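K.L.:
below: sequence and its predicted model.
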Amino acid sequence: MTTNSKVGYRARARVRPGSKKKYNISARANKLSPSGIRKFFDLLASMEGVISLGVGEPDYVTPWHITETAIESLQKGQTMYTSNLGMPELRQELSSYLLREYGLEYDPATELLVTVGVSEALDLAMRAIVDPGDEVIAPDPCYVSYEPCVVLAGGRAVAVPTDEKDDFVLRAAEVEARVTGKTRAILIGYPANPTGAVMTREQLAELADVARRHDLMVVSDEIYARLVYGVEHTCVASLPGMKPDTILLGGFSKAYAMTGWRIGYAAAPKEIIATMTKIHQYTMMCAPTMGQVAAIEALRSGDGSVGEMVEDYNRRRLVMVNGLRQIGMPCFEPKGAFYAFPSIARTPMSSEEFAETLLTEEKVAVVPGSAFGRCGEGYVRCCYATSMAEIEEALTRMRRFVNRHQKT
């Protein structure tokens, strides 16, 4: 068949052998930068003898009684799809958990959705409530996927700077100053990754007032809710009047050491859950069946294991923070999660240069603060969810490094 413009066909470009083909990449995808965390994972994968303070993952294995329950389900042949919403038993357990912990009543049939980790829950939430051109306000620094999820939904992330002198918490007045006619939501994550900051009930109530006055949704990533030290976690949806205006995101990866099981959830008004579920059923179908079975067991019998891990993390937290301060890296005291966020001001390096050089010279992996936003520059993230022996050795190596590279 002849192809020419006269008959409405477009001539195909010929690609010569050895030449580079040009592909059409979407504008939204082009806006995204590769994860600053993954870059350092790739570097350390090729090196031996590295102490990693970079991976945001518990060094514990999943408690055996949880794993054993999943194995039994596999042996029974429970390997089929579940409901798009997730197993009814898991949704009922989640409903009971949220009532027990926060006094929140969620209908397991219409107001809860089981997802493939909190990462998918966040993606679904953004796509459910954000139209092209809408704005979503988020703190800076924050977890690396917040802005990309907004961008992929067609929106624009509006960063609100947070500062160590304010304990890295989001100030309501700063948020309100950035609200426009295009603002649709406030996206927060406390306890925070990368800083370990925790917002008090009073601070969250002020933020909730801003959301109500401007008719905004609050999307609250509470994956680290169980990992707090000497303070109380406040669930945003539990604040007076906030349940209808909150999309609550949670999961099992951190508190139950279940990162690879990929089980998260969203709790929200039924209209929002219905919209998120429509997207979920076309993109993911359902969360892994064996992971859901494991999550049921975690909710029923996992509190003891969580308590033991939190006590251990607290001991490591104190050693890490005190050790960093002693070697000349001033460090905000984290109240939640399992990260320290020390300053590198004693050296003349950028956070990326610091992380790369530390990895090369002393084989200690940390994540540059710039990976989490502009306000993360001047800091590095150190994860203390690793053994005490490795934390102490890492601090020894970092002391040598800082002494060698301090400003003159």
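P.N.:
Everything's here; your move. Because the structure is predicted, anything quoted here is derived from the model rather than measured. Residues are numbered from 1 along each chain as shown.

K.L.:
please count neighbours and contacts with C-alpha atoms only from this point.
P.N.:
Noted.

K.L.:
okay, domains of this protein per the record?
P.N.:
Split into domains by automatic domain parsing, the chain comes to 29-61+304-403, 64-301.

K.L.:
redo those as a markdown table? Include mean pLDDT and distance to residue 20.
P.N.:
Shown next, in a markdown table, are the domains of the chain (pLDDT from 0 to 100; distance: least, Cα to Cα, whole Å):
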| stretch | mean pLDDT | distance to residue 20 |
| --- | --- | --- |
| domain 29-61+304-403 | 92 | 19 |
| domain 64-301 | 97 | 27 |
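
K.L.:
export the ones you listed as TSV, with columns for mean neighbour count.
P.N.:
TSV is the format used below for the domains of the chain (neighbours: other Cα atoms under 10 Å):
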stretch	mean neighbour count
domain 29-61+304-403	19
domain 64-301	20
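
K.L.:
which residues in this protein form helices?
P.N.:
27-31, 36-45, 64-75, 88-102, 117-129, 146-152, 172-176, 201-213, 270-283, 289-301, 303-326, 351-362, 388-405 (DSSP state H).

K.L.:
distance of the residue nearest the centre of the chain from residue 370?
P.N.:
Centroid-nearest residue in the chain: residue 143, 5.2 Å away (criterion: Cα atoms, centre = their mean). Counting by Cα to Cα, to the nearest Å, the gap from residue 143 to residue 370 is 11 Å.

K.L.:
swap in residue 284?
P.N.:
31 Å.

K.L.:
now do residue 280
P.N.:
31 Å.

K.L.:
ditto for residue 386
P.N.:
For residue 386, the distance to residue 370 - Cα to Cα - is 23 Å.

K.L.:
and for residue 278?
P.N.:
35 Å.

K.L.:
and the pLDDT at the closest residue in space to residue 151 that isn't next to it in sequence?
P.N.:
Spatially, and ignoring its direct neighbours in sequence, residue 151 is nearest to residue 28 (6.5 Å; Cα to Cα, 6 or more residues apart in numbering). pLDDT, residue 28: 82.

K.L.:
who touches residue 28 in this structure?
P.N.:
Neighbour list for residue 28: 151, 152, 154 [criterion: Cα atoms under 8 Å, 6 or more residues apart in numbering].

K.L.:
what does residue 202 give?
P.N.:
Contacts of residue 202 by Cα under 8 Å, 6+ apart: none found.

K.L.:
tell me how far the ends of stretch 100-117 are from each other?
P.N.:
22 Å.

K.L.:
identify all contacting residues around it.
P.N.:
Stretch 100-117 is touched from outside by 84-86, 88, 91-92, 94-95, 98-99, 121, 235, 237-238, 251-253, 262-270, 273-274, 277, 280, 284, 286-288, with contacts defined as Cα under 8 Å, 6+ apart.

K.L.:
and for stretch 54-67?
P.N.:
In contact with stretch 54-67 (Cα under 8 Å, 6+ apart) are residues 37, 40-41, 254, 256-259, 294-295, 297-298, 302, 305, 338-339, 365-367, 381-383, 385-387.

K.L.:
how does it look with 6 Å?
P.N.:
For stretch 54-67, the surrounding residues in contact (Cα atoms under 6 Å, 6 or more residues apart in numbering) are 257, 258, 294, 297, 298, 365, 366, 367, 383, 385, 386.

K.L.:
who are the neighbours in contact with the first one?
P.N.:
With Cα under 6 Å, 6+ apart as the criterion, the residues that contact residue 257 are 58, 62.

K.L.:
ok, it to residue 64 distance?
P.N.:
Taking Cα to Cα as the measure, residue 257 falls 11 Å from residue 64.

K.L.:
quick one: the residue nearest to residue 251 when sequence neighbours are not counted and residue 223, what's the gap?
P.N.:
Among residues not flanking residue 251 along the chain, residue 264 sits closest, at 3.8 Å (Cα to Cα, 6+ apart). Plainly put, residue 264 is 9 Å away from residue 223 if you go by Cα to Cα.

K.L.:
report the set of residues contacting both of those two.
P.N.:
Counting by Cα under 6 Å, 6+ apart, the shared contacts of residue 264 and residue 223 are 250, 251.

K.L.:
can you list the helices of the chain in TSV and add distance to residue 186?
P.N.:
As requested, the helices of the chain are exported to TSV (distance: least, Cα to Cα, whole Å):
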stretch	distance to residue 186
helix 27-31	21
helix 36-45	23
helix 64-75	35
helix 88-102	21
helix 117-129	11
helix 146-152	11
helix 172-176	8
helix 201-213	7
helix 270-283	16
helix 289-301	28
helix 303-326	29
helix 351-362	27
helix 388-405	35
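
K.L.:
looking at those, which is closest to residue 53?
P.N.:
helix 388-405 (8.1 Å; Cα to Cα).

K.L.:
output the closest one as CSV, nothing but the C-alphas.
P.N.:
The C-alpha trace of helix 388-405 is given here as CSV (Å, rounded to 0.1, in the frame of the first residue of the first chain):
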residue,chain,number,x,y,z
MET,A,388,23.6,-1.2,67.5
ALA,A,389,27.0,-2.6,66.5
GLU,A,390,26.6,-1.2,63.0
ILE,A,391,25.4,2.2,64.4
GLU,A,392,28.5,2.5,66.6
GLU,A,393,30.9,1.5,63.8
ALA,A,394,29.2,3.9,61.5
LEU,A,395,29.6,6.7,64.0
THR,A,396,33.3,5.9,64.3
ARG,A,397,33.8,6.1,60.6
MET,A,398,31.7,9.3,60.3
ARG,A,399,33.9,10.9,63.1
ARG,A,400,37.0,10.2,61.0
PHE,A,401,35.3,11.6,57.9
VAL,A,402,34.0,14.8,59.5
ASN,A,403,37.3,15.5,61.2
ARG,A,404,39.1,15.0,57.9
HIS,A,405,36.7,17.3,55.9
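
K.L.:
same for that helix, what does it pack against?
P.N.:
Counting contacts by 3 or more Cα pairs under 6 Å, 6 or more residues apart in numbering; DSSP states H and E, helix 388-405 packs against no other helix or strand.

K.L.:
please redo it, this time with the cut-off set to 8 Å
P.N.:
Here helix 388-405 touches helix 303-326, helix 351-362, strand 364-365, going by 3 or more Cα pairs under 8 Å, 6 or more residues apart in numbering; DSSP states H and E.

K.L.:
closest to residue 177 out of those?
P.N.:
For those, proximity to residue 177 was assessed by Cα to Cα; helix 351-362 is nearest, at 29.1 Å.
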